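Participant: what shape does this take:
(one chain, ligands or ions: 1)
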Amino acid sequence: GSIPAVLTQPGDFIIGGVFTIHTSPKTTEHTFMHAPEPLQCRGRSLRFARAMTFAIEEINNSTELLPGIRLGYQIHDSCASVSVATRATFQLINGLDPIFSLSASCSKSSTVFAIVGESGSTPSIAMARVLSPFVIPQVGWSSSSPNDKQQYPTFLRTIPSDKFQAAALVQLVKHFGWTWIGAVRSDSDYGNSGMAAFLAAANAEGICVEYSEAFYRTNPHSQIRKVAEVIQRATAQVVVAFIATGDMIVLLKELVQLGLPPLQWVGSESWITDLSMTQFGMFLGAVGFGIRRAIIPGLRTFLMDLSPAQASNAYTDTSQLRITNMVYKAVYAVAHGLHSLVCAEQNGSTLHCDRGMKPNPLQVLEHIRKVNFTLNGNRVSFDANGDPVATYELVNWQLSEHGQVEFVNVGYYDASAPEGKLLTMTRNITWTGGQSQVPKSVCSESCPPGTRKAVQRGKPVCCYDCVPCAEDEINSLDCVRCPSDAWPNPQGDACIPKPIEFLSFSEYLGIILAASSVVGACLAIAIAAVFYLHKDTPIVRANNSELSFLLLFSLTLCFLCSLTFIGRPSQWSCMLRHTVFGVTFVLCISCVLGKTIVVLMAFRATLPGSNVMKWFGPPQQRLSVLAFTLIQVLICVLWLTFSPPFPNKNMKYYKDKIILECDVGSAVGFWAVLGYIGLLSLMCFVLAFLARKLPDNFNEAKFITFSMLIFCAVWITFIPAYVSSPGKFTVAVEIFAIISSSCGLVMCIFVPKCFIILFKPEKNTKKHMMGKVPSKAL
Ligand code: TCR
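Facilitator: Presented below is the predicted three-dimensional model:
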């Protein structure tokens with residue numbers, strides 16, 4: 001018949017065991033009575049069952065643990081099948097098989113008080129569902145899927161829950177900066193729940209997953225091929241594989257066939273410590289967490305009981321006892337639980353154990369749950385959830401000197417350590433392809449300074465383009481705008497304050513302009529002095545000296561007022577600037593206007609020339625100058641009271657500097673002042689133009705025309721410069737306009753007369769002057 005293998009040993013108390021001895025449910029011809037062929041005994045599984053019998057033998061020989069009591073066992077082969085495992089469970093709890101006829105030895109067996117098993121999570125869950133209604137304790141040794149006490153109240157285990165392994169893998173991936181990974185898993189409870197825990201934790205850490213594929217060893221070939229092709233096509237260099245050994249072999253064969261270039265594999269505990277996987281070079285450099293290695297004295301000799309022909313090489317290799325130790329621990333935990341239930345100290349000292357006791361399963365469960373003992377130096381205990389403390393070894397697949405792949409322990413993970421100390425590295429890792437450099441697995445390289453990440457539409461956050469920061473932005477993590485008075489440094493990683501610009505006394509331009517205004521003022525004063533010294537000569541007298549002196553005075557002020565434009569603008573200098581300049585200029589122009597009117601009047605109004613001075617004599621002249629000037633004063637007062645100019649930091653105009661300027665306050669005020677000057681000078685120009693041919697004293701009208709021409713030209717060129725761009729050069733242009741137009745007046749109106757007074761005194765006679773008049777005018 002096709003009865004799965006059963007191995008029994010009678011005893012006072014029987015422990016049940018369900019193991020995956022054959023990996024495929026079809027290979028059921030062999031019973032455990034005859035050792036299976038080496039090929040079917042895929043290494044560890046047979047060793048696991050043998051580890052159980054070894055532990056029971058040890059306990060039976062022990063004088064401390066369960067003295068005088070003989071433990072028996074009944075071990076079933078589940079063939080990695082849920083249905084076979086379930087049937088085995090029923091057999092164990094009934095002691096009878098209701099459906100199949102059992103071999104003689106089995107039918108006599110008594111019921112078990114606890115069950116150790118199964119290997120895989122999926123069959124273990126099936127068993128737990130059967131066992132929990134009868135409250136029969138079950139201790140797993142490698143079923144690691146996160147478990148829920150509500151659903152499986154009678155399940156305990158010696159392997160840590162995979163939720164810790166998932167967290168550990170995320171830590172590992174994060175530690176090496178892999179933000180772009182592939183994920184493959186077994187389509188089983190182990191793979192699905194382990195990967196779900198991993199993905200949730202990875203997502204919380206900002207790790208992006210390019211693909212997540214699932215398959216099972218019994219899937220059609222096309223499905224496995226598809227998974228292999230996804231891995232091949234993807235760009236992620238790191239693949240996290242939450243896969244059971246049996247599934248990994250299948251995938252691996254497919255990948256080898258595809259000729260996949262080496263990737264960095266991050267493995268789960270099931271396959272990362274499986275020697276049968278090392279036959280392929282493809283996984284060299286793989287890293288992952290394994291159960292801590294342990295030493296079980298005497299096990300090797302015990303295993304060697306089988307003839308070498310019956311055992312595979314991996315079976316006898318006891319250098320890597322990881323899961324085997326979990327089986328060993330599980331059996332001991334059950335024995336310790338039983339011990340505390342049936343053994344008690346009698347008469348104060350001798351230990352007595354009750355062989356005939358029929359233990360209540362619930363009590364057994366409670367006692368197993370509470371065990372706390374040391375086994376070969378390892379603590380064994382269960383937490384409230386029935387799980388052990390999670391500790392792992394970080395395993396790295398390295399090439400040994402003999403050219404063989406070996407598992408090198410390169411670090412530890414201890415879930416009970418404080419945050420930040422969970423993962424410790426103890427040795428260097430050799431990466432895939434034998435590299436010593438950590439492989440890179442990112443979707444997009446990190447952005448260079450001066451640029452920022454721009455997530456691509458519909459793609460994970462780890463995939464982005466780098467777009468340059470705006471001109472006024474710096475890059476620290478993202479593009480950050482500098483405050484309005486600062487500007488990025490050339491490297492684009494810090495904001496530096498913008499330089500402040502104004503026309504100062506300490507720069508050449510400022511010094512030259514200030515000097516020329518002072519020189520101009522001195523010139524005007526010097527001319528005034530010359531005129532004063534020769535105030536009785538005809539030239540001075542003929543040019544109605546009163547207006548001339550007033551004009552020279554106002555010209556001096558004009559020169560000097562350009563000084564208020566130089567230096568750091570302050571509230572006062574801003575208010576003074578345009579108003580002082582406006583008033584003094586109007587004073588100037590109105591003096592010139594007065595002179596022109598005098599000339600015009602002399603010839604147009606009263607040709608006989610007798611009473612010009614009566615209509616526009618010195619008092620009228622004075623009055624008109626005063627009136628014209630007062631109008632400008634009024635404009636200025638209104639401007640200053642309603643909206644005076646103020647110093648202003650202009651950050652808008654230039655991106656990289658601040659202009660310290662005088663804001664005119666009211667543009668209307670500013671243009672009114674300038675416009676009034678313009679109006680007067682235009683008037684002056686027109687009148688002087690009309691009078692230019694008239695024979696006045698010494699051709700004054702001609703010179704006035706000329707000076708007004710200079711004046712207007714200068715100011716007209718100034719306006720576009722002023723309106724266009726603010727800055728110190730605009731101010732310089734304005735000063736230049738003031739100085740040059742004042743200069744124009746000085747040069748045209750006074751310098752020729754001075755020249756005659758000083759160097760041609762022979763022409764400075766009444767006769768000479770009178771002689772000219774008729775020749776021109778008449
Ligand atoms: N948890 C797997 C089974 C398993 C296993 C192993 C089987 C693990 N480790 C080592 C054989 C050898 C981890 C499960 O299904 O829960």
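
Participant: for the lengthiest helix in the chain, buried residues please.
Facilitator: For the chain, the helix that runs over the most residues, judged by DSSP state H, is helix 571-604. Buried positions in helix 571-604, judged by neighbour count with 16 or more other CB atoms under 10 Å: 573-603. Glycine gets a C-beta too; all of them are placed from N, C-alpha and C.

Participant: what helix or strand is Phe289 on?
Facilitator: Using DSSP states H and E, Phe289 sits within strand 287-291.

Participant: can you name every helix or strand that that strand contacts?
Facilitator: Judged by 3 or more CB pairs under 8 Å, 6 or more residues apart in numbering; DSSP states H and E, the packing partners of strand 287-291 are helix 162-175, strand 264-267, helix 269-272, helix 323-342, strand 391-399, strand 405-414.

Participant: how about it and the ligand, any contact?
Facilitator: No - for a cut-off given as CB under 6 Å from any ligand atom, strand 287-291 has no contacts with the ligand; the smallest distance is 7.5 Å.

Participant: count of neighbours near the residue in the stretch 651-778 of the chain that the ligand sits nearest to?
Facilitator: Of the residues in the stretch 651-778 of the chain, the one nearest the ligand is Lys655, at a distance of 62.3 Å by CB to the nearest ligand atom. Neighbour count of Lys655, defined by other CB atoms under 10 Å: 13.

Participant: likewise for Asp485?
Facilitator: For Asp485, using other CB under 10 Å, the count is 12.

Participant: how about the contacts made by it?
Facilitator: Neighbouring residues of Asp485 by CB atoms under 8 Å, 6 or more residues apart in numbering: 497-498, 649, 651, 658.

Participant: check which residues of stretch 499-518 are buried.
Facilitator: Buried residues in stretch 499-518, counted by 16+ other CB under 10 Å: 501-503, 509-510, 513-514, 516-517.

Participant: now those residues as JSON lines including pLDDT, distance to Tyr722 and secondary structure?
Facilitator: Formatted as JSON lines, these follow (pLDDT from 0 to 100; distance: CB to CB, whole Å; DSSP: H, G, I helix; E, B strand; the rest coil):
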{"residue": "Glu501", "pLDDT": "86", "distance to Tyr722": "16", "secondary structure": "strand"}
{"residue": "Phe502", "pLDDT": "87", "distance to Tyr722": "16", "secondary structure": "coil"}
{"residue": "Leu503", "pLDDT": "88", "distance to Tyr722": "14", "secondary structure": "coil"}
{"residue": "Leu509", "pLDDT": "91", "distance to Tyr722": "17", "secondary structure": "helix"}
{"residue": "Gly510", "pLDDT": "92", "distance to Tyr722": "18", "secondary structure": "helix"}
{"residue": "Leu513", "pLDDT": "93", "distance to Tyr722": "16", "secondary structure": "helix"}
{"residue": "Ala514", "pLDDT": "94", "distance to Tyr722": "20", "secondary structure": "helix"}
{"residue": "Ser516", "pLDDT": "94", "distance to Tyr722": "19", "secondary structure": "helix"}
{"residue": "Ser517", "pLDDT": "94", "distance to Tyr722": "18", "secondary structure": "helix"}
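
Participant: as a markdown table, those residues with distance to the ligand would be great.
Facilitator: Putting the buried residues of stretch 499-518 into a markdown table (distance: CB to the nearest ligand atom, whole Å) gives the following:
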| residue | distance to the ligand |
| --- | --- |
| Glu501 | 72 |
| Phe502 | 76 |
| Leu503 | 81 |
| Leu509 | 83 |
| Gly510 | 83 |
| Leu513 | 88 |
| Ala514 | 89 |
| Ser516 | 93 |
| Ser517 | 93 |
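
Participant: go through those residues and name the one nearest Pro220.
Facilitator: For the buried residues of stretch 499-518, the minimum distance to Pro220 (CB to CB) is 77.2 Å, reached by Glu501.

Participant: ok, now which ones touch the closest one?
Facilitator: Taking CB under 8 Å, 6+ apart as the contact definition, Glu501 lies against 657-660, 727-728.

Participant: and what of Leu341?
Facilitator: Listed by CB under 8 Å, 6+ apart, the contact set of Leu341 reads 357, 359, 363-364, 367.

Participant: thought Asn219 was touching Asp187?
Facilitator: Yes - at 7.2 Å, Asn219 and Asp187 qualify as touching, with contact defined as CB atoms under 8 Å.

Participant: can you pick out the residue with more neighbours from the two?
Facilitator: A side-by-side neighbour count of Asn219 and Asp187, using other CB under 10 Å, places Asp187 first with 19 against 16.

Participant: circling back to that earlier point, widest-spaced pair of the contacts of Glu501?
Facilitator: For the contacts of Glu501, the maximum inter-member distance is 11.8 Å, found between Ile658 and Lys728 (CB to CB).

Participant: looking only at neighbour counts, state which of the two leads.
Facilitator: Higher neighbour count among Ile658 and Lys728: Ile658, with 22 against 18, using other CB under 10 Å.

Participant: of the contacts of Asp485, select the buried ones using a PyMOL command.
Facilitator: Applying 16+ other CB under 10 Å to the contacts of Asp485, the buried members can be selected in PyMOL as follows:
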select buried, resi 498+651+658
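
Participant: export the contacts of Asp485 to CSV and tack on pLDDT and distance to Val116?
Facilitator: What follows is those, written out as CSV (pLDDT from 0 to 100; distance: CB to CB, whole Å):
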residue, pLDDT, distance to Val116
Pro497, 88, 75
Lys498, 86, 77
Lys649, 87, 82
Met651, 82, 78
Ile658, 87, 81
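
Participant: turn the contacts of Asp485 into JSON lines, including secondary structure and distance to the ligand.
Facilitator: As requested, the contacts of Asp485 are exported to JSON lines (DSSP: H, G, I helix; E, B strand; the rest coil; distance: CB to the nearest ligand atom, whole Å):
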{"residue": "Pro497", "secondary structure": "strand", "distance to the ligand": "62"}
{"residue": "Lys498", "secondary structure": "coil", "distance to the ligand": "64"}
{"residue": "Lys649", "secondary structure": "strand", "distance to the ligand": "70"}
{"residue": "Met651", "secondary structure": "coil", "distance to the ligand": "65"}
{"residue": "Ile658", "secondary structure": "strand", "distance to the ligand": "68"}
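
Participant: re earlier: and the pLDDT for the residue of the stretch 651-778 of the chain closest to the ligand?
Facilitator: Lys655 is assigned 78 on the pLDDT scale.

Participant: next one: Leu306
Facilitator: pLDDT recorded at Leu306 is 71.

Participant: could you verify that it is part of a strand?
Facilitator: No - under DSSP: H, G, I helix; E, B strand; the rest coil, Leu306 sits outside any strand and is assigned coil.

Participant: now for it, how many residues are close by?
Facilitator: Using other CB under 10 Å, Leu306 is surrounded by 16 other residues.

Participant: and the gap between it and the ligand?
Facilitator: 20 Å (CB to the nearest ligand atom, to the nearest Å).

Participant: and if you look at Ala201?
Facilitator: Following CB to the nearest ligand atom, the distance that separates Ala201 from the ligand is 18 Å.
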